[in-house]
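In: attaching a predicted model along with its sequence, questions to come.
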Amino acid sequence: MPPLGEFRTPVLIAGGGIGGLAAALALQQRGISAVVCERAPELREIGAGLLLSPNAVHVLRLLGVLNEAMAHSRMIDEWRILDTHGRFLHRLHPSRGKRLPALSLHRAALQKLLLARLHPTCLRLGFEVAAFSETATSVQVTSLSGTRIEGSALIGADGLRSCVRRAGQNDDPLRDCGYSGWRSVVPFIPSGYEGGWLSESWGEGKRFGVSPLGDGRCYWYATANHRRGIPPSARSCKDELLAAFGHWHSPIPELIAATADDSILLNPILDRPVQMNATRASLVTLLGDAAHPMTPNLGQGACLALEDAWILAREISITPTLAQGLRRYETTRRTRAAWISRASHALGCIIQLEHPVATALRDAGLRLTPEFVSDLTMRPLFSFQG
């Protein structure tokens, strides 16, 4: 472990999302204090559902919150890919063999579980990181209001448009992937989705996912192509969705109809090539979407943030100096994050195919692919030992 002198002040974490809270908890387990600087004045139920595949569920077990997480989750043992009429194209089994289950739960529920395990003084609300400076032994963070905090290191877990990343002058432009995503939650489980499975239906330049949560609600998400750099229309989200998906199989039209328009989140789908390569002596690093924003096609955004959190805490607790530990963390994570990001981007290109001939060939290929081939292909994704 680095000399205790390197931890005279807490490790500062910008961002109180899943990755930031998990990093604080992983550090706390190793006797290293942390302060999470969250710009929101309170942690409210924001976002929508999460699908945590076995690699992320393993991190929850390491963090000691798996039992509580399972109590708030739906265990998912089958992912079904359907066409627009509800006919089977393919099945995936994330829990096949000795793997842990996949879990479907609300993002806010996991955030609350992680927060409950942290020391009460760990979270600093209403503190939006605006700038930082560092010396050889510390980092000083300045909030938007001008308040300053000193820490032994700074972890930027502040999302897609990370201020820590921008302030570190390592802000490559985000890439518009050519499609947008909607998501929301409804207060019921649709008929036929009472078991341990979820579905994703693929069409021509569009898809719609249905994932029951563990609290009697259902998370849904959708994507549709748009012209580069231009999100879809001026119509309301609900009208846009009904026009695009209202003729698809049940329960898709019913889910859209049951959703309040103001509860639907809409975002262009963006990513950025992975770069985790700070200067050798820096006491600043990035985590989660701040380090490797990726498309949602493999469902790995939150999963990799949890992996990042565990590996970062491990490396700085066993490496002779804090800066060396941060660089070891970056080296360890860079390759895995990069290939998952590339694979997710490539899968999105396939899912969002729009020409009828291309989509017919895609669907035929899915029907002909043996399930064991997909399971073998997904095995490296789900295998994380920590």
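Out: Cool, the structure landed.
In: where do the helices sit along the stretch 101-250 of the chain?
Out: Here the stretch 101-250 of the chain has its helices, by DSSP state H, counting those that start in this stretch, at 107-116, 163-167, 237-245.
In: which of those helices sits most buried?
Out: Highest mean neighbour count of the helices of the stretch 101-250 of the chain: helix 163-167, a mean of 21 (counted as mean count of other C-beta atoms under 10 Å). Using the backbone N, CA and C atoms, a C-beta is placed for each residue, glycine as well.
In: can you name every helix or strand that that helix contacts?
Out: Contact here means 3 or more C-beta pairs under 8 Å, 6 or more residues apart in numbering; DSSP states H and E; on that basis helix 163-167 packs against strand 129-134, strand 153-156, strand 284-286.
In: could the ones you listed go into JSON lines alongside mean neighbour count, distance to residue 311 and mean pLDDT?
Out: Converted to JSON lines, the helices and strands packed on helix 163-167 look like this (neighbours: other C-beta atoms under 10 Å; distance: least, C-beta to C-beta, whole Å; pLDDT from 0 to 100):
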{"stretch": "strand 129-134", "mean neighbour count": "17", "distance to residue 311": "22", "mean pLDDT": "93"}
{"stretch": "strand 153-156", "mean neighbour count": "30", "distance to residue 311": "12", "mean pLDDT": "96"}
{"stretch": "strand 284-286", "mean neighbour count": "26", "distance to residue 311": "11", "mean pLDDT": "95"}
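In: any chance of those in TSV, plus distance to residue 26?
Out: Output for those, formatted as TSV (distance: least, C-beta to C-beta, whole Å):
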stretch	distance to residue 26
strand 129-134	20
strand 153-156	11
strand 284-286	14
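In: figure out which of the ones you listed is closest to residue 12.
Out: When those are compared by C-beta to C-beta, strand 153-156 sits nearest residue 12, at 4.8 Å.
In: tell me which strands that closest one pairs with, and in which orientation.
Out: strand 11-14 (parallel), strand 284-286 (parallel) (DSSP bridges).
In: would you mind giving the ones you listed as TSV with distance to residue 146 added?
Out: Below are these laid out as TSV (distance: least, C-beta to C-beta, whole Å):
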stretch	distance to residue 146
strand 11-14	16
strand 284-286	20
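In: okay, the angle between the lengthiest strand in the chain and helix 237-245?
Out: Counting by DSSP state E, the longest strand found in the chain is strand 175-186. Using axes from the mean of the first three to the mean of the last three C-alpha atoms, to 10 degrees, one finds that strand 175-186 and helix 237-245 are set 100 degrees apart in direction.
In: chain center to strand 175-186, what's the gap?
Out: From the chain centre to the centre of strand 175-186 is a distance of 13 Å (C-alpha atoms, centre = their mean, to the nearest Å).
In: nice, that's everything, thank you.
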